[in-house]
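Asker: A predicted structure for the sequence below; I have some questions about it.
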Amino acid sequence: MSTSETPDRMVKVPSQPARFDLGFLRSRSARTSMIVIGIVLAYALPLLRPPIITTPDSDFGGVMTEAASYALVAVGLNIVIGYAGLLDLGYVGFYATGAYTTGVLTSEHFHWPFFLALPLAIGVTMVTGVILGAPTLRVRGDYLAIVTLGFGEIIRISILNLNWLGASAGIKDIPSPPSIGPNPVGATGDGLFQIPHIAWNGLVPLIDTQHTTPFLVFDVLDAIPYYWLLLTVLLIVILADYKIKDSRVGRAWEATREDEDAAELMGVPTFKYKLLAFALGAAIGGLAGSFLASGQGGYINPNSFLLLYSMLFVAAVIIGGAGNRWGAVFGGFLVAYLPERFRTLSDWRLLIFGLCLILIVNVRPQGLLPPRRTRRALAARAEIQELEGEAVDV
Amino acid sequence: MDFSFLFQSISPLTISDLFHQFAPLTITGLALGAIYGLIALGYTMVYGVLQLINFAHSEVFMFGTFAVAWVVVFFHGTSSTSQGLFSTLGLLAICLVAAMLTSAAIALLVERVAYRPLIRKGAPKLIILIAAIGASFSLSEIMGLRDQIVGWFGLKDNLSNYVSQARNVYSSPITIDPHGLFSIGNYRVTDVDLLTIGAAIVMMAFLDQFVRRTRLGRGIRSVAQDPESAALMGVNATRVVQVTFLIGGLMAGAAATLYMIRIGTTRQNAGFIFGVKAFTAAVMGGIGNLRGALLGGLVLGVAENWGAALFGTNWKDVVAFVLLVLILLVRPTGILGESLGKARA
Amino acid sequence: MGTKQTIRSLAAIAAAGLALTACGTTSNSEAKATDTGTAAACVQGQKLAFLGATTGDAGALGLNMVGGIKLALDEYNKKNADCQVGLKVFDSQGDPDKAVPLATQIVGDDSIIGLVGPGFSGESLSTGKTFSAAGLPSISPSATNVTITQQGWPTWHRVIGNDSAQGAAVAKYLKTTANAKKVFVVDDGSDYGKGLAGFVRKGLGSMVGGNDTVQTGQTDFSATVTAIKGSGADAVFYGGYYPEAGLLVKQLRQAGYTGLFMSGDGSEDPAFVETAGAQAANGAVLTAPAGPAPANFNTKYKALIGNPAGLYSTQAYDATNIFLAGIQAGKTSHADLNSFIGSYNGTGVSGPISFDAKGDIKQSTIYAYKVSNGKLDTANPTPIR
């Protein structure tokens, strides 16, 4: 596991900037408590609505739900791009597959409960990933980009034109996940108990008893329960991601990414591992899509699965720092959050978002939170540069 | 078996109709494909030299289409008329120059802003891809906000013919009426068809010769083949990359002019679909291969038209992408293979 | 490192303590402004909201609607300078998912008393439950999907006729007025275009001589043109919006097709003629469930907004004026305003307006607008009866 590196080695890297040297985190209890505080804060964020961070022109709970959804997608895509090194420009196709499987099973043609449809949606998406991957993963690197892009478009055009999938009218009335406690969906319910929000008077927090979130009612007026559910799913997926990355599979991916031929020579069945990365990435995309379908609106149509979103997902992973799951989470959060936070810029915000993409990659070409390996490689390169006295051309 | 319960609409033609309509479908497909091919040259050149997908190239094309419409409005005004191809040749020549210059300028801008600083830093390929996506968003949005941007300079009223309703469709006021010249099968081939296909072939041939024979062309090939050795031999890589973008821009400008002659209408997002198609064409023909780019474009254009006739126009992109996958499975490096560096000298 | 940790923990505890001591409750400090019972009193800062696409591929249509709303508000606020009504624009980019948090934001904002929108059918279906649960009255200028008003949302209205009436009228016009024998029906696969074309197909029955579905954003229609010419149809109906309709008729005429070209209200925009070119557009017939706008509407619109009025500008103007009439009558609570809209009976620039129990506009004559002499004649349409 990359985090289990001995402290001594980290100290010895002289070029390590101070801000990465979170030394106090080395004590195990301190680290655990920081993680716990971080998780609690993440859950409480939409209740707290901290000034500056909150979105003034859109519902903060809804934006955070979208951000969590993007983060989940980015973690899945990070397996494909960051771990296995496969550029997938059609990831939105998996998102759509998960969403539509859920839509069909719970509303359009069958009336399964959500938690029964969810595993099937993941399974269907995973199979889709294998079906797509088996022929296309044999084509070399850059060709994969256009083939996957085409796949994303094929999925979108199909859902737009197949009446069985609702065509352009989409699928409506997709049920929410089941609520807990009295007063089920629809009523302005109590749930088990009410959690008050925080309102801010300047910098002074006030407990807002007028606006409360019932625990746990999936209602059309409050996005926060959906956010909690997604955040929980995100944390579970991240845990699983730790386990996989740390196993044989993770090492095989790393070997394949760095030098496919060498890996093959060393006895790594690279195709099998690439396909596995593709299938796992697809499954997580399908998972996120499934939650999108059963979200607050309970409605999906083909406009939610434009090619543009594939680009945004890739941007999320790369900006965050491909290969680092926390980078992917952060990147997904930013890509969803920034355009909503700066709605006051109205028409201009997409232009500014585009300029920000250029700016961010220029300022931090390795991503905002690069994986440790990239940081080590950068340090090594800087060292070579210093020894040789001139720029190294790559 | 009746699939209408599944499909939204039945196909417009049956297989026997496809044979009846073979000539018109094929020739109009070739004309469309020629435009794809010209745009694809830009993708293929940049990929050949840098091994990078220039995602902003669609916007390079889009700016060219606007340049054409602006020139027409400038010389002609906004009254809508129809004219033949030959009576407007002079105006079209000015349009062509303007579009090529505009597209080339945008291409160089993209290189300067999104590529050069990152290449210099030795950034990973994917990072440069994101910069290109950012550049693409920005350029498209600048066009969609042009009314507000000129508003800053107080020019909105003076330029209203050029900028009003920036997010709406923008049309060239002169409609070029095609003129039938001769018949192939049941299709009357028009002057516009001939111009489109002919211009694309001439330009590709010209570019091919340029890359094969000139000093600069040798530089491009050497960098494409082995950048480090090229640098050792004294080739200025930055300059070669610039020239590559410049050529891609010029070709996109030419494509934009042909597009405006055929279609006549553009929009701030008009580049997107054509960009995706042209990129597909480049890969289909063998990315990095100039002849392959044009061939890929033509194949794609024809396949789309046949597919549209058989399955309905809404399925034509599916036909295009499925064909791409099939070609890549049979020939993993495209129809003609990758070869910018390996062209026979 | 131990010291650092201690300092940080202390800081965290201090911050938490500070937060706790500063906590109060909001219930006393914020008296609810909207609970003023008297009907005629002016509610300061009251707003209407618009939810729809103002950027993205459909941005041009959303901006047309915002222009119509702004014109209506401008006229109202000039007359009622002491009690102005504001506007807040929520840009959904046409994505039904993006619209959901915006809807939650709209219903959580007490200063918003009504919604003009949602712009399209997709975002209407994804946000309808939220608006209906909050009781916020809404009037859409443009969402035409038939199923929206079948959802049983009591606060949802639209000032645009749904597609079934228009489709039937188009079929009637093709049969009786145009005397067509064989009609080729094309749609753009969008919710609106496909819906309208579907009703036209139904009305035409066996007269349908061919079908095709194109893509929004498509610019080359050569395959469709070939199919139409090969079918021998003497008329074409296109269900969709003007950018594609204009190019389709242009390419049809260039290929020598001489039959009648007909399209619906999505194409009834001056930009249709610009896109097609004056010559190709001549003779085209565009239907719309709205009568001619008064001559001065376009002048007023252009003067205020700077652009000519476009598709859905008149409907948005009318929708806004219904809310403003309600506000003037002192109906500012959601329930009052909603029942005011339900019983509204008046004439807007797009024709007479009143709503049935489901929120659909009580229809309304369908008019056929013709393009002649290179211009869309918006002043003299023929009613289809």
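Answerer: Yep, it's here.
Asker: how many neighbours does the closest residue to chain A within the stretch 1-150 of chain C have?
Answerer: Closest residue of the stretch 1-150 of chain C to chain A, Cβ to the nearest Cβ: C:Pro101 (2.4 Å). The C-beta positions use only the backbone N, C-alpha and C, and glycine is treated the same way. By other Cβ atoms under 10 Å in any protein chain shown, the residues close to C:Pro101 number 28.
Asker: host element of it?
Answerer: Using DSSP states H and E, C:Pro101 sits in helix C:96-108.
Asker: Dump that helix to CSV, keeping only the CA atoms.
Answerer: Provided in CSV are the C-alpha atoms of helix C:96-108 (Å, rounded to 0.1, in the frame of the first residue of the first chain):
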residue,chain,number,x,y,z
PRO,C,96,-32.9,17.8,-17.0
ASP,C,97,-30.4,16.9,-14.2
LYS,C,98,-29.0,20.4,-13.9
ALA,C,99,-32.5,21.7,-13.6
VAL,C,100,-33.3,19.8,-10.4
PRO,C,101,-31.1,21.7,-7.9
LEU,C,102,-32.2,24.9,-9.6
ALA,C,103,-35.8,24.0,-9.0
THR,C,104,-35.0,23.2,-5.3
GLN,C,105,-33.3,26.6,-5.1
ILE,C,106,-36.3,28.4,-6.7
VAL,C,107,-38.8,26.8,-4.3
GLY,C,108,-36.5,27.6,-1.3
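Asker: hmm, the helix or strand just after it touching chain A?
Answerer: Once the chain leaves helix C:96-108, the next helix or strand it forms, by DSSP H and E, is strand C:112-116. No - in terms of Cβ under 8 Å from any Cβ of the partner chain, no part of strand C:112-116 sits within range of chain A; the closest distance is 12.1 Å.
Asker: who's in contact with strand C:112-116?
Answerer: Applying Cβ atoms under 8 Å, 6 or more residues apart in numbering or on different chains, the external contacts of strand C:112-116 come out as C:43, C:46-51, C:65, C:69, C:88, C:106, C:131, C:136-141, C:316, C:319-320, C:323, C:326-327, C:332, C:334, C:337.
Asker: can you tell me which of those residues are in strands?
Answerer: Judged by DSSP state E, strands contain the following of the contacts of strand C:112-116: C:47-51, C:88, C:138-140.
Asker: longest helix in chain B, by residue count?
Answerer: Looking across chain B with DSSP state H, the single longest helix is helix B:22-50.
Asker: and that one, average pLDDT?
Answerer: The pLDDT scores in helix B:22-50 average 94.
Asker: how far does that helix sit from the chain's center?
Answerer: With Cα atoms, centre = their mean, to the nearest Å as the basis, helix B:22-50 stands 7 Å off its chain's centre.
Asker: what packs against that helix?
Answerer: helix B:57-76, strand B:187-190, helix B:191-213, helix B:215-225, helix B:237-262, helix B:270-285, helix B:290-311, helix C:222-231 (3 or more Cβ pairs under 8 Å, 6 or more residues apart in numbering or on different chains; DSSP states H and E).
Asker: helices and strands around the first one, which ones?
Answerer: For helix B:57-76, the packing partners by 3+ Cβ pairs under 8 Å, 6+ apart come out as helix B:22-50, helix B:89-110, helix B:125-144, helix B:160-163, strand B:170-171, helix B:237-262, strand B:265-266, helix B:270-285.
Asker: just to revisit the earlier point, adding mean pLDDT and mean neighbour count as columns, could you present the helices and strands packed on helix B:22-50 in JSON lines?
Answerer: What follows is the helices and strands packed on helix B:22-50, written out as JSON lines (pLDDT from 0 to 100; neighbours: other Cβ atoms under 10 Å in any protein chain shown):
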{"stretch": "helix B:57-76", "mean pLDDT": "96", "mean neighbour count": "25"}
{"stretch": "strand B:187-190", "mean pLDDT": "92", "mean neighbour count": "20"}
{"stretch": "helix B:191-213", "mean pLDDT": "94", "mean neighbour count": "18"}
{"stretch": "helix B:215-225", "mean pLDDT": "90", "mean neighbour count": "20"}
{"stretch": "helix B:237-262", "mean pLDDT": "95", "mean neighbour count": "25"}
{"stretch": "helix B:270-285", "mean pLDDT": "92", "mean neighbour count": "27"}
{"stretch": "helix B:290-311", "mean pLDDT": "94", "mean neighbour count": "26"}
{"stretch": "helix C:222-231", "mean pLDDT": "92", "mean neighbour count": "25"}
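Asker: now these as TSV including distance to B:Ala31?
Answerer: Below are those laid out as TSV (distance: least, Cβ to Cβ, whole Å):
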stretch	distance to B:Ala31
helix B:57-76	16
strand B:187-190	9
helix B:191-213	4
helix B:215-225	28
helix B:237-262	7
helix B:270-285	14
helix B:290-311	7
helix C:222-231	8
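Asker: can you tell me which of these comes nearest to A:Val217?
Answerer: Comparing these against A:Val217 with Cβ to Cβ, the closest turns out to be helix B:270-285 (41.3 Å).
Asker: Could you name the helices and strands sitting against the closest one?
Answerer: Short answer (3+ Cβ pairs under 8 Å, 6+ apart): helix B:270-285 packs on helix A:141-161, helix B:22-50, helix B:57-76, helix B:290-311, helix B:316-330.
Asker: Nearest to B:Phe182, out of these?
Answerer: Here helix B:22-50 is closest among the helices and strands packed on helix B:270-285 (Cβ to Cβ), at 11.4 Å.
Asker: tell me the angle that closest one makes with helix B:125-144.
Answerer: Orientation of helix B:22-50 against helix B:125-144 (axes from the mean of the first three to the mean of the last three Cα atoms, to 10 degrees) gives an angle of 120 degrees.
Asker: Give me the neighbour count for the closest residue in space to C:Ala169 that isn't next to it in sequence.
Answerer: Nearest residue to C:Ala169 in three dimensions, chain neighbours excluded: C:Ile366, at 3.7 Å (Cβ to Cβ, 6 or more residues apart in numbering or on different chains). As a burial measure, C:Ile366 scores 26 neighbours (other Cβ under 10 Å).
Asker: ditto for B:Gln51
Answerer: For B:Gln51, the count of nearby residues is 14 (other Cβ under 10 Å).
Asker: list the contacts for the nearest residue to B:Ile197 once chain neighbours are set aside?
Answerer: Leaving aside its sequence neighbours, B:Ile197 sits nearest to B:Ala34 (Cβ to Cβ, 6+ apart; 4.8 Å). Shown in contact with B:Ala34 (Cβ under 8 Å, 6+ apart): B:196-197, B:199-201, B:258, B:294, B:297-298, B:301.
Asker: Show me the two of these that sit farthest apart.
Answerer: Of all the pairs that the contacts of B:Ala34 form, the one spanning the most space (Cβ to Cβ) is B:Ala199 and B:Gly301, at 14.5 Å.
Asker: How about the residues of the stretch 51-200 of chain A by chain B?
Answerer: So the stretch 51-200 of chain A meets chain B at A:81, A:87, A:135-136, A:138-140, A:142-143, A:145-147, A:149-151, A:153-154, A:157-158, A:160-164, A:167 (Cβ under 8 Å from any Cβ).
Asker: what ranges of the stretch 101-250 of chain A fall below the confidence cut-off?
Answerer: A:140-141, A:182-190 (pLDDT under 70).
Asker: what are the ranges of the helices in it?
Answerer: Secondary structure of the stretch 101-250 of chain A (DSSP state H, counting those that start in this stretch): helices at A:114-136, A:141-161, A:224-245, A:248-258.
Asker: Many thanks, we can stop here.
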